[in-house]
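*Asks:* Provided below for reference: sequence and predicted model.
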Amino acid sequence: MTDSLDLSSVDTVVFDLDGTLIDSAPGIRDAVAVMTGKLDLPAPDLTTVIGFIGRGAPALVERVLHWAGADPSLRDRALAILLDIYDTAPLQGTTAYPGAQALLVDLHGRGMRLGLCTNKPAGPARAVLDALGLGPFGAVAGGDSLPQRKPDAAPLLHVISELGSTADRTLYVGDSITDWQTAQAAGVRYVHVDGGYQQAPIPDFAPTLRLARLSDLATSLSAA
Ligand SMILES: O=C(O)COP(=O)(O)O
Ligand SMILES: [Mg+2]
């Protein structure tokens with residue numbers, strides 16, 4: 001892990017959502033509990049659900065069914081139940097991290113192009129942004145916006161392109177190994193924010209800046 005990252009050429013910052021800008025794990029846990037309840041399956045606790053977050057709703061469902069020892073053929077029905085809950089109650093158990101909106105306003109005020117690249121479905125993601133007043137984002141990609149989802153580079157490169165920017169001018173800010181992998185695949189510098197839903201150690205051989213708090217990013221960019 002490098003101690004610092006050359007941020008001088010950055011004019012575009014793309015953010016992950018769950019675990020980075022918002023604490024949505026309690027809401028996801030509740031949505032999963034409704035899903036498992038409808039399928040007569042046990043409900044995983046918060047810590048277990050957090051370990052399943054990061055690869056999008058289909059992966060979350062598959063991981064929950066596997067954990068519950070359920071028949072994998074339930075996947076499509078379980079996913080439909082979960083997505084319906086995401087659509088009808090996107091804000092359930094979801095709050096913005098302290099300083100998230102202030103950071104976005106600060107970066108926007110500096111003329112930074114801001115984007116969002118999340119594996120949460122785009123509809124619920126946009127509903128959360130609107131309800132929590134998070135932004136302004138010039139481009140948003142959700143887990144269902146493209147055929148590929150993170151850690152494939154495609155969604156991140158799509159957001160960067162939509163912002164009229166390039167990978168070499170972009171910083172990607174995330175909370176999990178999936179985000180680190182996505183940034184490496186896209187050739188984009190990565191900022192890892194501690195305290196999110198990290199499932200595996202971030203390899204320390206790539207240009208990565210680690211921040212204890214999201215709000216530390218403004219300081220890092222000012223020092224650039
Ligand atoms: O939906 C997920 O699995 C996680 O979403 P994220 O990409 O915003 O962390
Ligand atoms: Mg995340």
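*Replies:* Thanks, I have the structure now. Ligands and ions are numbered 1, 2, ... in the order given.

*Asks:* and the residue of the protein nearest ligand 2?
*Replies:* residue 19 (3.7 Å; C-beta to the ion). No exception for glycine: its C-beta is placed from N, CA and C like everyone else's.

*Asks:* helix, strand or coil for the residue nearest to that residue when sequence neighbours are not counted?
*Replies:* Distance criterion C-beta to C-beta, 6 or more residues apart in numbering; nearest residue to residue 19, sequence neighbours excluded, is residue 196 at 3.2 Å. Of the three states, residue 196 takes coil under DSSP: H, G, I helix; E, B strand; the rest coil.

*Asks:* re earlier: tell me the contacts of the residue of the chain closest to ligand 2?
*Replies:* By C-beta atoms under 8 Å, 6 or more residues apart in numbering, the contact list for residue 19 reads 25, 53-54, 174-176, 196-198.

*Asks:* again, but for residue 110
*Replies:* Here residue 110 is in contact with residue 221 (criterion: C-beta under 8 Å, 6+ apart).

*Asks:* which residues of the protein fall in strands?
*Replies:* 12-15, 22-23, 95-96, 113-117, 139-141, 170-174, 189-193, 208-211 (DSSP state E).

*Asks:* ok, which of the ones you listed comes nearest residue 6?
*Replies:* Residue 6 lies closest, by C-beta to C-beta, to one member of these: strand 189-193, at 8.1 Å.

*Asks:* the closest one close to ligand 2?
*Replies:* No. If you take C-beta under 5 Å from the ion as the test, strand 189-193 misses ligand 2, and the best it gets is 9.2 Å.

*Asks:* list the buried ones in that strand?
*Replies:* 189-193 (16 or more other C-beta atoms under 10 Å).

*Asks:* packing partners of that strand?
*Replies:* In terms of contacts (3 or more C-beta pairs under 8 Å, 6 or more residues apart in numbering; DSSP states H and E), strand 189-193 is packed against strand 170-174, helix 177-186, strand 208-211, helix 216-222.
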